[in-house]
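In: got a predicted model here, sequence first, then my questions.
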Amino acid sequence: MTLSQDLLPAIVALPVLVPLLGAALTLVFGRRPRLQAMISLSALTTVLVISGLLLYLVDRDGTTAVQVGGWPTPIGITLVVDRLSAGMLLVSAFVLLLVSIYGAGQNISDGDENQPTSIYRPTYLVLTAGVSMAFLAGDLFNLFVGFEILLAASFVLLTVGATEERIRAGIAYVMVSMLSSMIFLIGIGLIYGTTGTLNFAQLALRLDAAPSGASTAGYAVLLVAFGIKAAVFPLSSWLPDSYPTAPAPVTAVFAGLLTKVGVYAIIRTNSLWFPDGTFGNILLVCGLATMVVGILGAIAQTDIRRLLSFTLISHIGYMIFGIGLATVAGLTGAVYYVAHHILVQTALFLVVGLIERQAGSVSLRRIGGLAAASPLLGVLFLVPALNLGGIPPFSGFIGKVALLEAGAEDGSVLAWVLVAGSVITSLLTLYAVARVWSKAFWRPRAEAPEGHLTAAKPPTLVEDSTYVHYEDRTDPGRMPALMVLSTVALVTAGLALTVLAGPTLGFAERAAADLHDPTVYIDAVLGTPEPR
Amino acid sequence: MTANLFLLITIGVLTACGVYLLLERVVSKMLLGILLLSNAVNLLILTMGGPDGQPPILGSAETAHEDTADPLAQAMILTAIVITMGLGAFILALAYRAYMLTTTEDVVNDPEDTHIATRREREDPEQ
């Protein structure tokens, strides 16, 4: 106990500070790529270790709040770690580290000129800091600043290289994100006007006492802002236009993490401020629409990246389903599903990066025969794909069952409709990924309708590649070891979530119990309950 | 808490103009829309700030600070202004780059979306 009391305040801020420091250092050493890579990898490793330590300490001692700068709670900046934020930190640090290794592996062997590393690495670290800050923020404005940090970094990462296509996608993405930030600020203004505070814990008490019209109006505005970030259905159309154009590692990180930050914000605020489920029904309806519309979009696609972007939207619906139920069981399912989905979706996008590198295209009309060409790639795609579709032994199945049970336990008509919708979405997801499998992996390339159009040489290979001159290269060669290893590690992590389903579900349940009872959070932040 | 009617009307007008401009397809007009909207939001936060004389750090009992405005709202506005300015500059850079590449700065439809939407007609021209 004394260890954690001394240790926790010292390390809570580090997941934000270390990447920022790393970003500064990598900027200084912008012309020395190898040193830059070492700095950024060690910064990300440090974040991973600290997140693991935080998770251990928080799981042992419960929610902990730390005052930055020493001002007392409602005035100063509060960082709060509870089981949910520690778990999210750990998973995101793991994903960020592995994707960074993947990107390094790609650059070492391909020398991708569309991805200037001198800018890429510092921005990537800033993104890490923004994500960590959003998870640790104990007040609404810090959450906003965390969002802005990660958004600003994501703008740069999305348009890196500034090709025509990326600029087109980038402008749309930047505009939508700016608009969502404005809506977020309007929400902050309304909430502040209603309650006179922005501290999450204090808000939980004061929103309860405030006139219900004012508090729900303020929160509804915030929910729109979070919904845009999380790509919940009516607000999701920006995502498949913007994500697929970015470089493969960037798309993987965006798909895995950025939407989940929005989902995290919804979980945190909804469970803390409206634990009795004021917004339950609207969340359930939006969750259903997100699931069904998303997966129907996925079925129409021919580009694997876009197809996966649509499944990404669709599966956000599952998490919204869990949040909307506002029960411990529902939140447990949502928390477990977030972890599962981050790992699986990132792994799939990394595999697509490998497919693009090896086959020269990601269009289902142009590629084929990958299973014969590279059985390893086949396995690497198939495992997370089946996992996403929710085939029984995998974590996708466990997460979905947890959510279905929660829905059945709730028992209302809407919950049953959601249960049916989840099952249909799961089947359609399976159909979508099976289509990718049968076309890209099973079918001979000669049978692809536009197979002859595929570039024989993958577009990412450029002149300063180390061993073969680009013009002389007829096939992309073996997959770079670092890219394969990091993908394997992510796929394995997805499987570990299956093998360790007992402990992880237990952890998710403890996290959900903390979330469901706001007094845990409030007491941890404010010390003693504020007199009403 | 009393609100300033003139300020509220200004907020409404700015928001309306901002949204109208944001619905345009030209990037520079959209940027102007974002900037108008951000000014409206900043004024909104200012309006939402607490009444005079209650600086949260000094405590409301301090009569010596009766004229002090709510510093928290101003701090938030300051942060928001800085963020908007930085990102506005980034949008300008994007617009310039888009102009260099395509000699227009319109936001065009996603080609892949158009491709999928017209697929049926292309593959089955008789229908």
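Out: That came through fine.

In: when you work out contacts or count neighbours from here on, use the C-alpha atoms and nothing else.
Out: OK.

In: nearest residue to A:Ala220 in space, ignoring adjacent ones along the chain?
Out: A:Gly187 (7.9 Å; CA to CA, 6 or more residues apart in numbering or on different chains).

In: give me the neighbour count for the one you found.
Out: A:Gly187: 24 surrounding residues under other CA atoms under 10 Å in any protein chain shown.

In: after whichever strand or helix holds it, which helix or strand is next?
Out: Under the criterion of DSSP states H and E, A:Gly187 resides in helix A:164-195. Sequence order places helix A:200-209 as the next helix or strand after helix A:164-195, per DSSP H and E.

In: any idea which helix or strand comes after that following helix?
Out: In N-to-C order, the element after helix A:200-209 by DSSP H and E is helix A:212-230.

In: which intervals of the chain have sub-threshold pLDDT?
Out: Assuming you mean chain A. A:1-6, A:70-75, A:107-117, A:451-477, A:528-532 (pLDDT under 70).

In: hm, I was asking about chain B
Out: For chain B (pLDDT under 70), the answer is B:1-3, B:50-68, B:124-127.

In: kindly export the helix or strand hosting A:Leu79 (C-alpha atoms) in CSV.
Out: Taking DSSP H and E as the definition, A:Leu79 sits inside strand A:77-81. Included here for strand A:77-81 are C-alpha records, laid out as CSV according to Å, rounded to 0.1, in the frame of the first residue of the first chain:
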residue,chain,number,x,y,z
ILE,A,77,-5.8,19.6,-12.8
THR,A,78,-6.8,16.1,-11.8
LEU,A,79,-5.5,12.9,-13.4
VAL,A,80,-7.5,9.9,-12.6
VAL,A,81,-6.6,6.3,-13.1
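
In: and that strand, what does it pack against?
Out: strand A:64-68, helix A:117-136 (3 or more CA pairs under 8 Å, 6 or more residues apart in numbering or on different chains; DSSP states H and E).

In: residue contacts, the residue nearest to A:Ala220?
Out: A:Gly187 is in contact with A:218-222, counting by CA atoms under 8 Å, 6 or more residues apart in numbering or on different chains.

In: show me the contact partners of stretch A:33-49.
Out: Outside stretch A:33-49, the residues touching it (CA under 8 Å, 6+ apart) are A:14-15, A:18-19, A:22-23, A:25-26, A:29-30, A:90, A:93-94, A:96-97, A:100-101, A:104, A:117-118, A:121-122, A:125.

In: quick one: the residue of the stretch 351-500 of chain A found nearest chain B and A:Asn270, what's the gap?
Out: Closest to chain B within the stretch 351-500 of chain A is A:Ser363: 10.8 Å, counting by CA to the nearest CA. Plainly put, A:Ser363 is 40 Å away from A:Asn270 if you go by CA to CA, to the nearest Å.

In: can you list contacts of stretch A:125-138?
Out: For stretch A:125-138, the external contacting residues (CA under 8 Å, 6+ apart) are A:15-20, A:22-23, A:40, A:44, A:77-81, A:85-86, A:88-89, A:93, A:96, A:142-151, A:153-154, A:199-201, A:258, A:261, A:264.

In: in helices only, show me the residues you listed.
Out: A:15-20, A:22-23, A:40, A:44, A:85-86, A:88-89, A:93, A:96, A:142-151, A:153-154, A:200-201, A:261, A:264 (DSSP state H).

In: residues contacting the residue lying closest to A:Thr197 once chain neighbours are set aside?
Out: Of all residues not flanking A:Thr197 in the chain, A:Leu203 sits nearest, at 6.4 Å (CA to CA, 6+ apart). If you count contacts by CA under 8 Å, 6+ apart, A:Leu203 has them with A:195, A:197, A:273.

In: state the phi and psi torsions of the second one.
Out: Looking back up the chat, that one is A:Thr197. phi -150, psi 160 (degrees, to the nearest 10).

In: residues near it, how many?
Out: Neighbour count for A:Thr197, taken as other CA under 10 Å: 23.

In: swap in the one 3 residues further on?
Out: Other residues near A:Phe200 number 24, with proximity taken as other CA under 10 Å.

In: mind checking how far it is from A:Phe507?
Out: Here A:Phe200 is placed at a distance of 23 Å from A:Phe507 (CA to CA).

In: go on, A:Val379?
Out: In terms of CA to CA, A:Val379 sits 30 Å off from A:Phe507.

In: for stretch A:131-140, the distance to its chain's centre please.
Out: With CA atoms, centre = their mean, to the nearest Å as the basis, stretch A:131-140 stands 15 Å off its chain's centre.

In: show me where chain B has helices.
Out: Under DSSP H, chain B gives helices at B:5-22, B:27-48, B:71-102, B:111-117, B:119-123.

In: and of those helices, who's closest to A:His341?
Out: A:His341 lies closest to helix B:111-117 among the helices of chain B, at 25.5 Å (CA to CA).

In: any idea how far the closest one is from the chain center?
Out: So, by CA atoms, centre = their mean, the centroid of helix B:111-117 is 30 Å from its chain's centroid.

In: that one near chain A at all?
Out: Yes. Judged by CA under 8 Å from any CA of the partner chain, helix B:111-117 and chain A are in contact via B:Ile116.

In: can I get that helix in CSV, CA atoms only?
Out: Extracted in CSV, the C-alpha atoms of helix B:111-117 (Å, rounded to 0.1, in the frame of the first residue of the first chain):
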residue,chain,number,x,y,z
PRO,B,111,-14.0,8.5,-56.0
GLU,B,112,-14.4,5.0,-54.5
ASP,B,113,-17.9,5.9,-53.3
THR,B,114,-18.9,7.2,-56.7
HIS,B,115,-17.4,4.1,-58.2
ILE,B,116,-19.5,1.8,-56.0
ALA,B,117,-22.7,3.9,-56.4
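
In: for the residue nearest the centre of chain A, give me its contacts.
Out: Geometric centre of chain A, nearest residue: A:Leu257, 1.8 Å, by CA atoms, centre = their mean. Going by CA under 8 Å, 6+ apart, A:Leu257 touches A:92, A:342.

In: do that again at 6 Å, thanks
Out: Counting by CA atoms under 6 Å, 6 or more residues apart in numbering or on different chains, A:Leu257 makes contact with nothing.

In: quick one: it from A:Ala402, how far?
Out: For A:Leu257 relative to A:Ala402 (CA to CA), the value is 22 Å.

In: next, count neighbours for A:Ser242.
Out: 25.

In: and for B:Glu112?
Out: Residues near B:Glu112, counting by other CA under 10 Å: 15.

In: just B:Met100 next, same as before
Out: Count around B:Met100 with other CA under 10 Å applied: 12.

In: same deal with A:Pro449?
Out: A:Pro449 has 12 nearby residues by other CA under 10 Å.

In: same check, this time on A:Ile282
Out: Neighbours around A:Ile282, by other CA under 10 Å: 13.

In: just A:Val520 next, same as before
Out: 18.

In: buried residues of the one helix or strand it maps to, list them for me.
Out: Per DSSP H and E: A:Val520 is located in helix A:518-526. Buried residues in helix A:518-526, counting neighbours by 16 or more other CA atoms under 10 Å in any protein chain shown, are found at A:518-526.

In: what's the answer for stretch B:16-30, then?
Out: B:16-19, B:21-22, B:26-30.

In: quick one: which of the helices of chain B is nearest A:Thr302?
Out: helix B:111-117 (8.3 Å).
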